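S.K.: Fold the stuff below for me.
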Amino acid sequence: MPKPRPQPQPRPGDEQPPREDAGHSGEELPVPGPPAASPPQALSMNELQQITDDISKLTIVHEIALNSDFKLQAASFSPKSLENRVKETLHKAFWDSLEEQLSASPPDYTRAIQLLQEIKEALLSLLLPQHNQLRSQIDEALDMELIRQEAEHGALDIHGLTVYVLGTMARLCAPIRDEEVRGLQSLTDPAQLLREIFRVLGLMKMDMLNFTIQSLRTHLQDHTVQYERKKFQELLDKLPNSLDRTREWLCKAAAEVSVSSSQLPSHPAVSGSPAAHSPGAVSSSTTVPSLTSVLNRGYMNLLCWEPGQKEYPETLFMDQARLQEVQAQVNQLTIIAAVLLVTSGMCGSTLCGSPGFVARLKRVTKVLLEGLSCTRYEEALEDISNQVLQEVSRTLSQLGYAAFTTDKCASLKGQIKSIADKGNAVRLVVAQRIHSFLSLFISPDGQKSQKDFPKGLDPIQEELLEVGRRFGSVIHHNRQVFGPYYSAILKKALLPDAEPDSDVGMDSF
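M.R.: So this is what the prediction gives:
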């Protein structure tokens, strides 16, 4: 006789404490550097798969460190994609086969037993280390050897097993899954019920992973720099000579710093400025720039990355989308601030001091720029000039002032539309001030001097501060992870005859 099965236990609270971390060894990693040059070698499929897996792990850890809203998502394919059609075909074949086996006389429990084994493993994976009693209950209730014996004697109670599984799922699931788990209790077809149990368990496992990530985020951030550097070095060992774009990016920045330090006042590069078009090599007659100044210039250059330019440096691939979003926001804020400055200059302090006037201009300008690339600013500024003129006319009327003359209206519209030109004087001044301010966020001690907000940019202060914080967060993490690589590259490029441990011209950061 089969031994009695335990009944589902009452459900405790929904909250789950974080899993205990396995800990870290605490050992220090060697300071990495670019790998020595070696001839390219063909990689096997296994090696390529390993590299892909390493990149995936590195990307996940990087996202956890920089994205507070990061969550793992179940893999999904487009409904019409080949991958989705193959997946659906295979799944349908499996579940149709299960239904046929359970409907046979006598029933064939081969696939059902395989599923119950996987369901048991899924339930056990959701347990925390302190859930010893529940672990024993699951092992006893889903005793696979007993289940096989029952199947052989035609005494397997699929319904009783699924009732226990659903009760356990109800105890372990997050509150967001309560309704889905309750919905499973109304299913009577065993094949359909097992299929839905499998689906919801997959969601619960994802919930647990994301809960664990959030719980351990602070602890993970303490170690992510060492982990990322270690994994990146492993990739470099497998793919020698894979920092060419990083080297080119740094050498270009070094050349710009050398030229600007000898000819021009030091300032962040803005597209269209002389420094932005400096040669890509450092003149031997110039002073060797510091690592900090080169990196600051290189990072600021990312905000002027033109569409169609060479690919991002390898060390910034994981942050390319984030940095491009920052660049788009900077471009948008530049246009908004320029429009407001031009309007203020034409309308005077009395009109611009009218309650809500500047806020309304800012709002309409932002709406008309939303989602547009730089290449479409000209048409947007045409619409913006019309909306600004309408708002000016309405406010003048409300305040009892005379309307602008035809010539003044045309002048205002023309000045606003001319902002589309990258060489526009107002646009260049605004861009220079924004870039100078953002450069404070990427300097080691720069955030201490952020109290001095640039003149004329008060209407975009809140947005600019947020962009600066996001930009600074990405850059500071990048410095921590890849600083040793940058140092090694620049020493080799700028000081080829220096001793390996020489730090001449390279200050700390």
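S.K.: quick one: buried residues of stretch 459-470?
M.R.: Using 16 or more other Cβ atoms under 10 Å as the burial criterion, the residues of stretch 459-470 that qualify are 459, 460, 463, 464, 467, 468, 470. (Glycine included, C-beta is placed from N, CA and C.)
S.K.: same check, this time on stretch 157-171
M.R.: Residues of stretch 157-171 classed as buried: 158, 161, 162, 164, 165, 166, 167, 168, 169, 170, 171 (neighbour count, 16+ other Cβ under 10 Å).
S.K.: which two in the buried residues of stretch 459-470 are spaced the farthest apart?
M.R.: Pairwise distances across these peak at 19.5 Å for 459 and 470 (criterion: Cβ to Cβ).
S.K.: Tell me which stretches of the stretch 351-500 of the chain form helices.
M.R.: Defined through DSSP state H, counting those that start in this stretch, the helices belonging to the stretch 351-500 of the chain, from first to last, are 357-369, 377-399, 406-417, 425-442, 461-494.
S.K.: In JSON lines, list those helices along with mean pLDDT and distance to residue 107.
M.R.: What follows is those, written out as JSON lines (pLDDT from 0 to 100; distance: least, Cβ to Cβ, whole Å):
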{"stretch": "helix 357-369", "mean pLDDT": "92", "distance to residue 107": "63"}
{"stretch": "helix 377-399", "mean pLDDT": "90", "distance to residue 107": "67"}
{"stretch": "helix 406-417", "mean pLDDT": "92", "distance to residue 107": "77"}
{"stretch": "helix 425-442", "mean pLDDT": "93", "distance to residue 107": "66"}
{"stretch": "helix 461-494", "mean pLDDT": "89", "distance to residue 107": "57"}
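S.K.: Look up how far residue 201 lies from the residue lying closest to residue 174 once chain neighbours are set aside.
M.R.: Counting by Cβ to Cβ, 6 or more residues apart in numbering, residue 174 lies nearest to residue 207, which is 4.7 Å off, once chain neighbours are set aside. In this structure, residue 207 and residue 201 are 10 Å apart, going by Cβ to Cβ, to the nearest Å.
S.K.: Neighbour count for these two, which is higher?
M.R.: Of the pair residue 207 and residue 201, residue 201 is the one with more neighbours under other Cβ atoms under 10 Å, namely 23 against 20.
S.K.: Not counting sequence-adjacent ones, nearest residue to that one?
M.R.: For residue 201, ignoring the flanking residues on the chain, the nearest one in space by Cβ to Cβ, 6+ apart is residue 122 at 4.4 Å.
S.K.: which parts of the strand or helix carrying that neighbour are buried?
M.R.: Per DSSP states H and E, residue 122 falls inside helix 110-125. Applying a neighbour-count criterion of 16+ other Cβ under 10 Å, one finds 111, 112, 113, 115, 116, 119, 120, 122, 123 buried in helix 110-125.
S.K.: so the fourth one touches residue 193, yeah?
M.R.: No: proximity of residue 115 to residue 193 does not meet the contact threshold set by Cβ atoms under 8 Å, at 10.6 Å.
S.K.: Residue 133: how many residues sit nearby?
M.R.: Neighbour number of residue 133 under other Cβ under 10 Å is 9.
S.K.: Compute the distance between it and residue 458, please.
M.R.: The separation that residue 133 has from residue 458, given Cβ to Cβ, amounts to 62 Å.
S.K.: Poorly predicted segments of the protein, please.
M.R.: Along the chain, the parts satisfying pLDDT under 70 run over 1-58, 60-62, 64-79, 83-84, 216, 220-222, 262-288, 307-309, 444-451, 495-509.
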